[in-house]
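please work out how this folds:
(one chain, ligands or ions: 1)
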Amino acid sequence: MVAAKRKNTETEEGEIFSSCSFSSLGLHSNLCEQLEERLGFKAPTLVQAQAIPVILSGRHVLVNAATGTGKTVAYLAPVIHHLHLYQPRIQRSDGTFALVLVPTRELCLQVHEILHKLLHRFHWIVPGYVMGGENRNKEKARLRKGITILVATPGRLLDHLKNTSSFLHTNLRWIIFDEADRILELGFGKEIEEILDRLGSMQHGSANEDGVVSTKYEFQRQNLLLSATLNEKVNHLAKMSLEKPVMIGMPEKKTQSIALHEHLGSDTDDEPQPSAKTTGSFSEDYKLPAQLTQRYVKVPCNARLAVLLSILKHLFERETSEKIVLFFSTCDAVDFHYSLISEFQFRPHSGLEAELNQLFVRCKTFRLHGNMKQEDRRTAFETFKKEKSALLLSTDVCARGLDFPKVKCIIQYDSPGEATEYVHRVGRTARLGERGDSLLFLQPIEMDYLKELAKHGVSLQEYPLLKVLDSFPLFGHKHVRKFLSIDSHPWVMSLQKALEAFTEKPDTKTLAKNAFCSWVRAYTAHRGELKRIFMVKKLHLGHVAKSFALKEQPSLVGKSFQNQVKKRKRDEKQKGLSRKRKVSRKT
Ligand SMILES: Nc1ncnc2c1ncn2[C@@H]1O[C@H](COP(=O)(O)OP(=O)(O)OP(=O)(O)O)[C@@H](O)[C@H]1O
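Down below sits the predicted model:
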């Protein structure tokens, strides 16, 4: 085990780029030209400068670097470098040489798009993807023709490994786990074990000796694991799949905390190995972009919705181009808020010509979650990417790896749960050295979550909410009268009333009730330490209802709740998944 040394030891914290060139890292000049011409990359980032030479050397690697620092090209470039030099030249009929495993469909499309650009000049290296939601037969046909670098989500890949006999992978040299910890958190552990087994890439004991069939190419298997956050599960995956890995971007403490000794062997030129029993707690600081401004806003539950809409209005009116990603805990919550924001009008100055027929939050609005049709998911993802000014409402399906250009602000309306997810959600902004803001909504009863984040070195400042609320003139009165708490602020009260009237429409009310039920269910699903912070019994359910603009609290044992349970069971049956796994994956 080796902790790779930084190339730019003198770089200040927060610096992103290395002072060296791509060619000095050992990449072929053709590829360096592609990086510049097709992607506009002039110099490598620090993580690329560290990782590329090591990956080129053929070592197994574990990379831990902040969000938005260029990990994708750090692993794609060395793979393409080797593949384009193969003699005899690779043909489609040689099958798959490299496999990139990702947790979500959108990340699959994104990595494939980058590959496509990078391979422009190397037409004999064919990129492709397989993922849930796509047509299996079309994928089978593409696999039969041959895909040199395959990007895949685990479930669909395993499906093809079992059922597509023409899928040739005897030449497989690389297996790359992008967002490795998330793949495991989504409950794909068993699939990953089976995939590794079928591909003959398991380490120690269970390794399938026959898995690597000798071919016309000489090479050794090389596996790579990457993420901005690591956890115990990655430790397990590392043990399963990596052999004497080089650790990149990990502090010494964390490097040692990973129990690699017994299974992964050790390098002779290395520092002493930790004992086989040592398993890290992974409680070290997370790496967040230095140029990210992180804030929290403390809002009583019954005022959450009015405050959210006020902040959105404020942000979109302040800047001509504002791009925001807004995170929710459930698909139903996304649907309700999407419908509300897309239609809600409010005229506090009643009658002003300019305010008639105007949306309260004036922006282009998109949504993205796991219950949407694949086609709609793809359209939302691709369109939001191109927009200069827009709002995207999403679940954690967008939290990992997605690279939406120019996102200025991340709002976590529902708190993320694990601190790792906080890190990835805010990582959708402040990418590659750009500035970015994040805002976390917390109820007064949830304030201990800040301590949870602080354990990982994450600290947040308070958002100036009153200043924002006071900036909205109400019926011509600029100065608001005294009030006890945010929920009795005149602006909030007046807005809340309008929201409740709006939600009286039957369709909107159904959406609101469904969102309420699923939100409460998600609240109960917090695990471990977080159960202590997010306690359902501390919630005032009447106030939760208000946060969905409902005048009364819907029954949690009533029709809408029962319908949700039934629908979920039906979906599960159709897809043949176990309940536990299904609940954890549907975001
Ligand atoms: N050397 C480079 N020069 C300029 N831009 C780069 C360079 N490397 C990567 N980028 C750009 O930086 C952005 C972030 O890259 P990437 O998505 O690979 O980050 P990441 O580290 O994988 O982030 P995450 O942890 O969120 O997945 C992308 O827009 C990418 O095109």
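
can I assume Leu392 is in contact with Phe328?
No: with contact defined as CB atoms under 8 Å, Leu392 and Phe328 do not form a contacting pair (11.0 Å). Quick note: C-beta positions are derived from backbone N, CA and C, even for glycine.

check what contacts stretch 403-410 and list those residues.
Here stretch 403-410 makes contact (CB atoms under 8 Å, 6 or more residues apart in numbering) with 68, 110, 315, 319, 321-325, 327, 384-385, 388, 392, 425-426, 428-429, 431, 434-439.

what do you get if the cut-off is 7 Å, keeping everything else the same?
Outside stretch 403-410, the residues that touch it by CB atoms under 7 Å, 6 or more residues apart in numbering are 110, 315, 322-325, 384-385, 388, 425-426, 428-429, 431, 436-439.

for that stretch, measure first residue to last.
Terminal residues of stretch 403-410 are spaced 13 Å apart (CA to CA, to the nearest Å).

what about that stretch and the ligand, any contact?
Yes: against the ligand, stretch 403-410 shows contacts by CB under 6 Å from any ligand atom at Asp403.

how about the residues of the chain near the ligand?
Within the chain, the positions lying close to the ligand (CB under 6 Å from any ligand atom) are 41, 44-45, 48, 65, 67-73, 228, 401, 403, 427, 431-432.

so which of the residues you listed sit within helices?
In helices, defined here by DSSP state H, the members of the residues of the chain next to the ligand are 48, 71-73.

which of those tops the neighbour count?
In terms of neighbours by other CB atoms under 10 Å, these top out with Gln48 at 30 neighbours.

just the pLDDT for it.
Confidence at Gln48, expressed as pLDDT, is 97.

test my guess that it contacts Tyr75.
No: shown here, Gln48 and Tyr75 do not form a contact pair, counting by CB atoms under 7 Å, at 9.5 Å.

for the helix or strand Arg521 falls within, name the packing helices and strands.
According to DSSP states H and E, Arg521 maps onto helix 506-524. When contacts are defined as 3 or more CB pairs under 7 Å, 6 or more residues apart in numbering; DSSP states H and E, helix 506-524 packs onto helix 331-343, helix 541-546, helix 559-575.

buried set for it?
Neighbour-count burial for helix 506-524, with 16 or more other CB atoms under 10 Å as criterion, is recorded at 508-509, 511-523.

pLDDT averaged over it, what's the number?
Averaging pLDDT along helix 506-524 yields 96.

and the pLDDT for the closest residue to Asp159 other than its chain neighbours?
Using CB to CB, 6 or more residues apart in numbering and skipping residues adjacent in sequence, the residue nearest Asp159 is Arg136, 7.3 Å away. On the pLDDT scale, Arg136 is placed at 97.

can you report how many residues lie near Arg136?
Look at Arg136: counted by other CB under 10 Å, it has 13 neighbours.

tell me how far it lies from the ligand.
Distance of Arg136 to the ligand, computed by CB to the nearest ligand atom, to the nearest Å: 28 Å.

that older thread, which members of the contacts of stretch 403-410 are positioned in strands?
Among the contacts of stretch 403-410, the residues falling in strands (DSSP state E) are 323-325, 436-439.

please tell me which one of the residues you listed counts the most neighbours.
With neighbours taken as other CB under 10 Å, the top of those is Val325, carrying 27 neighbours.

correct me if wrong: that one contacts Asp396.
No: contact criterion CB under 7 Å: Val325 and Asp396 do not qualify, at 11.2 Å.

ok so, going back, can you select the buried ones from the residues of the chain next to the ligand in ChimeraX?
Listed next is the ChimeraX selection for buried residues among those, using 16+ other CB under 10 Å:
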select :41,44,45,48,65,67,68,69,70,71,72,73,228,401,403,427,431
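
now do the contacts for the nearest residue to Arg198 once chain neighbours are set aside.
Among residues not flanking Arg198 along the chain, Leu161 sits closest, at 4.9 Å (CB to CB, 6+ apart). With contacts defined as CB under 7 Å, 6+ apart, Leu161 is in contact with 167, 195, 198.
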